[in-house]
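J.: The following comprises the amino acid sequence and a computationally predicted model.
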Amino acid sequence: MTDAQKTAADTSLRTTGGAPPDDGGSTAEGAPTPLLEPREGIPPVIADETALAAVVAAFAEGSGPVAVDAERASGYRYGQRAYLVQLRREGAGTALIDPVACPDLSALGDALADAEWVLHAATQDLPCLRGIGMVPTRLFDTELAGRLAGFPRVGLGAMVENVLGYVLEKGHSAVDWSTRPLPEPWLRYAALDVELLVDLRDALEKELDRQGKLDWARQEFDAIASAPPPEPRKDPWRRTSGMHKVRRRRQLGVVRELWQTRDRIAQRRDVSPGKVLTDAAIVEAALGLPANVHALAALHGFGHRMGRRQLEQWQSAVDRAKALPEAELPQQGQPVTGPPPPRAWADKDPVAAQRLSAARSAVSELAERLNMPQENLITPDTVRRVCWEPPSAVDADSVSAALSRHGARAWQVELVAPLLAAALVPRDA
């Protein structure tokens, strides 16, 4: 940013209740400063190919990292598609893009292919960005950086306030972003979400470097950027809230049939499945196994506001599950592909339980010394898998190889392998 640009940003922010990123946001009394308006005001929403082409050209000519964010309509619409994409880059300013009107942003993704993308909680936004053709090759995740640096609160608002000294207004985070036209206060909120993201990135990079963790963070960011899209979840209906109450296979069949029926309806209507039928109602029907529409209507979640036609479609789903042959009913629980739950280890393999206890203690102690969450030092699942099936010959090299096979990054292997190697040796050895 040139001196003239800094002066302009200073004047703009101060006249709207903010403070320039270059000077730090806290007031003389030390209180954080509310950030009320974007530096250049609220940009127009890009909703046609001509305007999009101009944005692509501007961002291609910009310099440095590009701040990226996306807004979804979780709880309102089916799936996790993006309904607004926000970007900011030095030399290009801020852009707000409507991916409903412009569903293919691959040209923009290509224009930014060589840039570092700055996102907050990248794994939440990357799937919906990938769906519109935007895939980073390099990224900086400010939430993950905050975790590695030891910040106790890593939401965007908390990080901007604690690191930069500004208060972001967060009142519109859970609104229905599929609304058209989007209200001006929502657009202001969306633009402010990327206003200071690069400034936050720069400050966190310095802090990670000061703590000697910058290379660790870069390895984590590279792992996120290079990760393939997740595989579709097997038997997603098993994640129905309240499933722990369902014990019998026939009841499980009802949950599955109702869940799948609800999912088809929600997808066709493009609404959140929970707005079609709640999880609680699905579980109620599974437990009650209603014999007819009248019995179904008496259950919680199928009250008087539900029309006869709706009740009949849900009862038909229940009846289909009740008519299934025993062999076609789902099994209780899912096939176990990894170690059993830790609570069962003491009975199944007391020696493995000892290994796990020692490993957990060692990892916890190291994470505390490094001032970071244990799950960021090494995933609990990785620790469990190595403790359940340790290498035949336990030493630092064999444990390092095992950790790498389970996806641990080099920095994690270097720190954790010696601890696990010691924990895997029987206590009486």
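T.: Received the coordinates, thanks.
J.: chain center to stretch 245-258: distance?
T.: 29 Å (C-alpha atoms, centre = their mean, to the nearest Å).
J.: wait, stretch 309-326
T.: Per C-alpha atoms, centre = their mean, the centroid offset for stretch 309-326 relative to its chain is 35 Å.
J.: That stretch: which residues count as buried?
T.: Neighbour-count burial for stretch 309-326 flags 311, 314-315, 317-318, 320-321, 324 (criterion: 16 or more other C-beta atoms under 10 Å). In short, each C-beta sits where N, CA and C put it, glycine included.
J.: Using CSV, write out every CA atom in that stretch.
T.: Provided in CSV are the C-alpha atoms of stretch 309-326 (Å, rounded to 0.1, in the frame of the first residue of the first chain):
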residue,chain,number,x,y,z
ARG,A,309,-51.1,-35.7,2.3
GLN,A,310,-47.9,-35.1,4.2
LEU,A,311,-48.9,-37.5,6.9
GLU,A,312,-49.7,-40.1,4.3
GLN,A,313,-46.2,-39.8,2.7
TRP,A,314,-44.5,-40.3,6.1
GLN,A,315,-46.7,-43.2,7.0
SER,A,316,-46.0,-44.8,3.6
ALA,A,317,-42.3,-44.6,4.5
VAL,A,318,-42.9,-46.2,7.9
ASP,A,319,-44.9,-49.0,6.2
ARG,A,320,-42.2,-49.7,3.7
ALA,A,321,-39.7,-50.1,6.5
LYS,A,322,-42.1,-52.3,8.4
ALA,A,323,-42.6,-54.6,5.4
LEU,A,324,-38.9,-55.2,4.7
PRO,A,325,-37.6,-58.7,5.1
GLU,A,326,-35.3,-59.2,8.1
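J.: contacting residues around that stretch?
T.: The contact list for stretch 309-326 (C-beta atoms under 8 Å, 6 or more residues apart in numbering) reads 249-250, 253-254, 256-258, 260-261, 265, 277, 285, 289-290, 292-293, 296-297, 302.
J.: now with 10 Å?
T.: The contact list for stretch 309-326 (C-beta atoms under 10 Å, 6 or more residues apart in numbering) reads 249-262, 265, 276-277, 281-282, 285-286, 288-297, 299, 301-302, 306-307, 328-330.
J.: so Trp259 makes contact with Ser241?
T.: No: in this structure Trp259 lies outside contact range of Ser241 using C-beta atoms under 10 Å: 11.1 Å.
J.: Tell me the residues that contact both of those two, please.
T.: Taking C-beta under 10 Å, 6+ apart as the contact rule, Trp259 and Ser241 both touch 279, 282.
J.: Between the two, tell me which one has more neighbours.
T.: Per other C-beta atoms under 10 Å, whichever of Trp259 and Ser241 has more neighbours is Trp259, with 22 against 11.
J.: what about that one, distance to Glu312?
T.: For Trp259, the distance to Glu312 equals 18 Å [C-beta to C-beta, to the nearest Å].
J.: now swap in Phe140 and tell me
T.: To Glu312, Phe140 is 53 Å away according to C-beta to C-beta.
J.: pLDDT value on Pro426, please?
T.: At Pro426, the pLDDT value in this model is 78.
J.: Just give me the neighbour total for it.
T.: Residues lying near Pro426 (other C-beta under 10 Å) number 10.
J.: now Thr94
T.: Neighbour count of Thr94, defined by other C-beta under 10 Å: 21.
J.: swap in Pro232?
T.: Neighbours around Pro232, by other C-beta under 10 Å: 6.
J.: Specify the local secondary structure of Asp193.
T.: Following DSSP: H, G, I helix; E, B strand; the rest coil, Asp193 is assigned to helix.
J.: Thanks a lot, see you next time.
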